[in-house]
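Colleague: pasting the structure only:
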C-alpha cells in the first residue's frame, strides 16, 4: 500500500503550458491538412513540384533537432561551453531553415505559384507559412536563451527552461517533417 504522505510528481507549470500549446498547434495543423484533403477532393486542383530548397531545409531542421539534443545533454552533464555552442548551432540551423524556406517560396513565385492563386497553391503557402512563423518563434526563444546564458551564465542545476525550448523545437521539427511528407504525398 502506498503511503498517502508520499508527494506525487508534478509537471512543472512551464512544461505543462508548453504541452497545452503543442496540443493546440497540432490541432490547428490537423484541421488545415484535413481541409486541404477535403478541398482537393472537390477538384479544380493545380499540381506542381515542391522546390528542392524545401528538401534542403528539411535536412537543416533535422540536424537542428540533433544539435538541440546535444545541447540539452551537455547542459545536464555540466558541460557549459559545449551546451552553449550547441544552442548556437541549433539557432543557426533554424535560421538556415527559414532562409531556405523563404528562397523556396520565391522559387514558387517564379513558377507563378502564388498564395492568391489556385486553392492548392493557397493551402501550401498558408500551411507552410504558418509553420515558418512557429519556427521564427522558436528562433527568438533560442536567441533569448543563448543571450541570457551568455550574460548570466548557465545554471546546470535547473534544466527546465532548456527542456521547454527543446520540447518546442523538436515539436516544430517533427511538424515540418509531417507537413513536408504530407505535401509530397498529396500533390
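Modeller: Yep, it's here. As the structure is a computational prediction, the values presented were derived from the model and not from experiment.
Colleague: tell me the pLDDT at the residue lying closest to residue 71 once chain neighbours are set aside?
Modeller: Closest residue in space to residue 71, ignoring its immediate chain neighbours: residue 86 at 3.5 Å, by CB to CB, 6 or more residues apart in numbering. (Glycine included, C-beta is placed from N, CA and C.) As predicted, residue 86 sits at a pLDDT of 96.
Colleague: same check, this time on the one 10 residues further on
Modeller: You'll see residue 96 listed with a pLDDT of 98.
Colleague: Next, count neighbours for it.
Modeller: By the criterion of other CB atoms under 10 Å, residue 96 has 17 neighbours.
Colleague: Might one say that it is in contact with residue 60?
Modeller: Yes: look at residue 96 against residue 60 with CB atoms under 8 Å: they come within range, at 4.7 Å.
Colleague: what mean pLDDT does the longest helix seen in the chain have?
Modeller: Once the chain is assigned using DSSP state H, the helix that runs over the most residues is helix 119-152. Here helix 119-152 scores 92 as its mean pLDDT.
Colleague: continuing past that helix, what's the next helix or strand?
Modeller: As assigned by DSSP states H and E, the chain's next helix or strand after helix 119-152 is helix 160-185.
Colleague: Can you list the buried residues in that next one?
Modeller: Within helix 160-185, the residues scored as buried using 16 or more other CB atoms under 10 Å are 161-173, 175-176, 179-180, 182-183.
Colleague: if we can go back for a sec, summarise which helices and strands the longest helix of the chain is packed against.
Modeller: Contacts defined by 3 or more CB pairs under 8 Å, 6 or more residues apart in numbering; DSSP states H and E place helix 119-152 against helix 13-41, helix 80-110, helix 160-185.
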